[in-house]
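Asks: based on what follows, work out the 3D shape:
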Amino acid sequence: MASADIAEGNIVPTGSIRNIAIIAHVDHAFSHRADSVIDNGFITRVMDSNDLERERGITILSKCTSVNYRGNLINIVDTPGHADFGGEVERILSMVDGVALVVDATEGPMTQTRFVLGKALSRGLKPFVVLNKADRPTARPAQVESDLFDLFATLGATDEQVEYPLLYASAKQGWAQDTPPKVTAGSASTEVEPTNNDMTPLFDVILSHVEPPTHLDRSKPFSMLTVQIENDPYVGMLYLGRIHTGVLKVGDTVWAIDSEGNKVGDGKVKKIYGRKGLERVEKDVAGAGEIISVAGIKNGGVNMTLVHPDGWSEEGPKPLPSTPIDPPTISIFVHANDSPLAGQEGTKLTSQLIRDRIHKEAETNVALTVLPGPTSESLELRGRGVLHLGVLLETLRREGFELAVGPPKAVMIPDPGPDAPKGRMLEPIEEVTILVKEEYAGSVVQKLTMRKGEMISYDADEDGWVKVVMEVPARGLIGYMAGEFKNDVHGQGTINHIFKAYEPYRGAIDTGRNGALISMAAGEPSGYAIAPLQARGTMFIHPGGQVYPGMVIGESSKSQDLYVNPCVKKQLTNIRAAAADEKIVLSSPRIMTLEESLAYMGDDELVEITPKNIRLRKLVLDMKKRMAMTKGSKKNAG
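Replies: Reported below is the predicted structural model:
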């Protein structure tokens with residue numbers, strides 16, 4: 001079949017389809033080349049396409065793109081690598097028949113790669129490997145190939161999986177080849193000369209190494225497991241998945257059944273979309289093996305099986321096997337910003353606008369649960385972790401919203417056991433897998449043990465890497481994963497977590513945070529005032545900007561809160577000083593990201609989020625009221 005026929009939306013023969021997932025945890029891309037022979041060129045960094053993904057270097061939103069090559073349809077799906085989005089990994093891998101492992105030819109396999117590659121190998125998927133950035137003089141392909149072999153052996157790959165094809169590529173320059181590029185040392189610098197000038201070998205490997213989905217039967221009635229939901233302003237909800245059996249046509253009646261086999265929704269198919277590049281392409285019909293988006297179904301959801309109601313045996317349609325969605329484990333309260341500086345930077349300020357936007361997000365963000373808050377103006381958001389919720393809040397501030405956010409808490413549930421003591425609460429426990437250099441493992445284990453973690457296993461390999469598995473309360477990970485872990489392992493390690501179970505509450509965790517430096521004044525901070533305050537603790541603010549009473553401007557060096565005035569200006573007189581003015585020396589303040597602020601904040605604090613600033617403040621801004629409340633709580637405790 002010609003590639004033009006595929007693009008026009010006709011049904012694609014099963015033998016002409018290849019579905020692959022990309023595992024890449026550094027910035028890799030396919031290049032755009034005007035003279036490319038493949039589908040009129042390709043586009044740069046197609047996968048990590050939104051601003052947050054580019055800045056953080058992580059995949060947040062898994063995306064599907066398609067390439068037409070020599071009459072074949074190649075669907076390429078990206079995989080998230082961070083555990084807060086890890087529930088999506090197994091669902092994505094259920095749609096594909098092979099994986100492309102993209103590795104930096106200088107740095108070698110990143111430790112994040114192990115998490116997703118391990119999942120792919122355990123599903124029996126056959127990988128092929130691309131050493132990207134092979135055009136750099138610093139590339140060391142021989143060492144990286146050795147590291148890759150060790151990685152596959154560590155992850156328990158089969159003999160067939162270890163026999164992977166290996167390609168050398170430069171996404172930037174737009175070439176791939178099956179032999180290392182020539183390296184020539186010139187008078188000025190070392191140059192790398194490829195023997196190929198396009199991506200043809202890469203696509204040839206995909207066709208030859210990845211099995212087509214010919215095992216999927218198109219003669220049976222239609223069935224498809226939904227993996228993702230998208231929201232389209234024109235056609236409504238779109239359900240993404242790979243057709244498992246049968247053929248789907250526009251106008252067909254389709255039911256949505258849950259994992260128990262109960263019908264939860266239905267509808268007539270309005271639209272069927274395939275992909276061409278990242279663009280959606282309308283189709284009239286699609287068959288088993290194709291990855292499509294379907295519009296027109298009411299009350300569907302992720303992990304639902306879409307089926308044609310007729311043509312099954314007497315038992316009726318059965319749900320397809322699915323990976324359960326991990327329950328949300330972290331909760332925060334969100335309401336409109338009510339600080340003295342509210343409304344100066346944002347354009348979307350009311351609680352109604354915030355409520356509408358978050359409910360819209362919850363329609364497609366399957367790991368997000370939205371509940372009413374303690375007041376009519378607030379909402380409770382529950383998610384998989386601080387990063388998961390932090391990405392949502394960061395998105396909102398970039399859209400012009402102003403918010404106030406309470407401290408993250410673990411989602412607790414009452415013990416449902418018949419013999420459980422009355423009032424006993426259960427908390428979410430995460431199974432945490434840490435891969436780290438051996439010299440840093442002790443510090444990580446110690447800190448997680450202080451957070452009520454329990455070690456399950458400790459395995460060291462010959463290369464000096466250690467794999468530690470621990471069971472840690474979800475609340476114990478809040479403050480640790482936001483930044484402390486990176487410092488403890490000096491950037492050489494990864495931490496992944498998956499939900500294990502709800503277990504009895506393990507007791508209070510002492511994070512050891514000191515008191516706060518709290519502003520007593522409103523106005524512009526001055527270097528003259530901040531300089532002597534540096535002896536009292538770590539500052540969070542620069543001279544300039546704005547502060548207000550009750551705003552946290554630093555961390556005290558002692559356990560008690562300290563009230564300070566950062567706005568004092570030097571008094572000017574007409575009397576000349578005997579000595580020259582002392583030069584003001586200011587240390588760099590500690591500027592925290594949104595996730596770090598959420599993890600750092602105390603129970604009596606809020607994070608104020610605006611399009612231009614992230615400020616930490618006390619819940620009660622008035623100093624006298626706050627001190628009275630503190631005295632009252634001490635009396636009650638006594």
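Asks: got phi/psi on residue 526?
Replies: Backbone dihedrals for residue 526, given as degrees, to the nearest 10, come out at phi -120, psi 150.
Asks: okay but it is in contact with residue 584, surely?
Replies: No: Residue 526 is not in contact with residue 584 according to Cβ atoms under 8 Å; the separation is 9.2 Å. (Glycine included, C-beta is placed from N, CA and C.)
Asks: roughly how far apart are residue 154 and residue 132?
Replies: 22 Å (Cβ to Cβ, to the nearest Å).
Asks: typed the wrong thing, it's residue 554
Replies: 43 Å.
Asks: where do the strands sit along the stretch 451-600 of the chain?
Replies: 454-460, 465-473, 493-504, 516-519, 537-539, 551-556, 562-564 (DSSP state E, counting those that start in this stretch).
Asks: how about the strands in the stretch 151-300 of the chain?
Replies: Under DSSP E, counting those that start in this stretch, the stretch 151-300 of the chain gives strands at 166-170, 175-177, 182-185, 190-193, 223-225, 228-232, 236-245, 247-249, 253-257, 263-268, 271-276, 279-283, 285-287, 291-295.
Asks: between those strands, which one is nearest to residue 384?
Replies: strand 228-232 (15.6 Å; Cβ to Cβ).
Asks: so what touches the closest one?
Replies: 62, 88, 91, 237-241, 293, 295, 300-302, 360, 363-364, 366 (Cβ atoms under 8 Å, 6 or more residues apart in numbering).
Asks: let's see 7 Å
Replies: 62, 237, 238, 239, 240, 293, 295, 302, 363, 364, 366 (Cβ atoms under 7 Å, 6 or more residues apart in numbering).
Asks: who has more neighbours, residue 154 and residue 132?
Replies: residue 132 (24 against 16; other Cβ atoms under 10 Å).
Asks: what mean pLDDT does stretch 19-29 have?
Replies: For stretch 19-29, mean pLDDT is 71.
Asks: per-residue pLDDT, residue 85?
Replies: 56.
Asks: list the buried residues of stretch 260-268.
Replies: 265, 266, 267 (16 or more other Cβ atoms under 10 Å).
Asks: tell me the one among these nearest to residue 490.
Replies: residue 265 (50.0 Å).
Asks: could you find the closest non-adjacent residue to residue 374?
Replies: residue 333 (6.9 Å; Cβ to Cβ, 6 or more residues apart in numbering).
Asks: how many other residues sit next to the one you found?
Replies: Residue 333, neighbours per other Cβ under 10 Å, totals 19.
Asks: okay, residue 526 and residue 584: which has more neighbours?
Replies: Between residue 526 and residue 584, counted using other Cβ under 10 Å, residue 526 has the larger neighbour count: 17 against 14.
Asks: quick one: low-confidence ranges for the stretch 351-500 of the chain?
Replies: 482-483 (pLDDT under 70).
Asks: in which helix or strand would I find the residue nearest to residue 374?
Replies: Taking DSSP states H and E as the criterion, the element that holds residue 333 is strand 330-336.
Asks: coming back round to it: what is the nearest of the contacts of strand 228-232 to residue 201?
Replies: residue 62 (26.2 Å).
Asks: so where is the stretch 501-638 of the chain shaky, pLDDT-wise?
Replies: Those would be 511-512, 574-582, 632-638, if you go by pLDDT under 70 across the stretch 501-638 of the chain.
Asks: same thing but at 80, please
Replies: 510-513, 571-583, 630-638 (pLDDT under 80).
Asks: ok, which stretches of it are helices?
Replies: Listed in chain order, the helices of the stretch 501-638 of the chain (DSSP state H, counting those that start in this stretch) span 527-533, 594-600, 623-637.
Asks: mean neighbour count and distance to residue 370 for those - can I get that in a markdown table?
Replies: As requested, the helices of the stretch 501-638 of the chain are exported to a markdown table (neighbours: other Cβ atoms under 10 Å; distance: least, Cβ to Cβ, whole Å):
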| stretch | mean neighbour count | distance to residue 370 |
| --- | --- | --- |
| helix 527-533 | 17 | 40 |
| helix 594-600 | 22 | 18 |
| helix 623-637 | 11 | 30 |
